[in-house]
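> Kindly generate the corresponding structure for this input.
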Amino acid sequence: MVGHGAKFGRKKEEAVVALLSQRNVEEAARVAGVSASTLLRWLQVPEFQQSYRQARRDAYSQSIARLQRASSAAVSTLLTVMVDGNAPAASRVRAADCILEHATKAIELEDIEARVSELERAAETPKFT
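The predicted structure follows:
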């Protein structure tokens, strides 16, 4: 039954990919070549759920990486609008507000990360009494 198990694993992988790319379970099942009831049953299996969750995390991580790559261009756009004397005042003010808001959040995040690192170091340091 080794051949059957290998085919079964491939079908589950195809189903996970289909779930990520299709609008609903029915369409995902069709694309994966299984029935909707089979796919719904697989969605109840912990190992399949784990594989599906990991695939979603991976897809989300790739999306975040794309956003991070685009952030430099986004900042350039905000700066361009902010300093463009021909842009409407409301657009320039909104760009400036965005820049200040995100800069403030970045500082707050850096402060939190520093505090967490400090707490982690303190927790790892052996205490002698």
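> At which residues are the helices of this structure located?
Counting by DSSP state H, the segments of the chain that form helices are 2-21, 25-32, 36-42, 46-83, 89-124.
> ok now do Trp42, which residues does it touch?
The neighbours of Trp42, taking CB atoms under 8 Å, 6 or more residues apart in numbering as the test, are Lys12, Ala15, Phe48. All C-beta spots, glycine's among them, are computed from the backbone N, C-alpha and C.
> which of the helices of the chain is buried the deepest?
The highest average neighbour count among the helices of the chain, using mean count of other CB atoms under 10 Å, belongs to helix 25-32 at a mean of 17.
> Alpha carbons of it, as CSV, please.
Taking Å, rounded to 0.1, in the frame of the first residue of the first chain, the C-alpha atoms of helix 25-32 are listed here in CSV:
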residue,chain,number,x,y,z
VAL,A,25,-13.9,24.5,-0.3
GLU,A,26,-16.0,23.3,-3.3
GLU,A,27,-13.7,24.9,-5.8
ALA,A,28,-10.6,23.8,-3.9
ALA,A,29,-11.9,20.2,-4.0
ARG,A,30,-12.5,20.3,-7.7
VAL,A,31,-9.1,21.7,-8.4
ALA,A,32,-7.4,19.1,-6.1
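> so how far is that helix from its chain's centroid?
With CA atoms, centre = their mean, to the nearest Å as the basis, helix 25-32 stands 23 Å off its chain's centre.
> Stretch 87-101 now?
Here stretch 87-101 shows a centroid-to-chain-centroid distance of 28 Å under the convention CA atoms, centre = their mean.
> Ok, stretch 9-17 next?
Stretch 9-17 has its C-alpha centroid displaced from the chain centroid by 21 Å (CA atoms, centre = their mean).
> Could I get the contacting residues of Val17?
Counting by CB under 8 Å, 6+ apart, Val17 touches Ala32, Ala55.
> Turn the helices of the chain into TSV, columns for mean pLDDT.
Compiled in TSV, the helices of the chain are given as follows (pLDDT from 0 to 100):
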stretch	mean pLDDT
helix 2-21	79
helix 25-32	97
helix 36-42	97
helix 46-83	95
helix 89-124	96
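> Alright, calling it a day.
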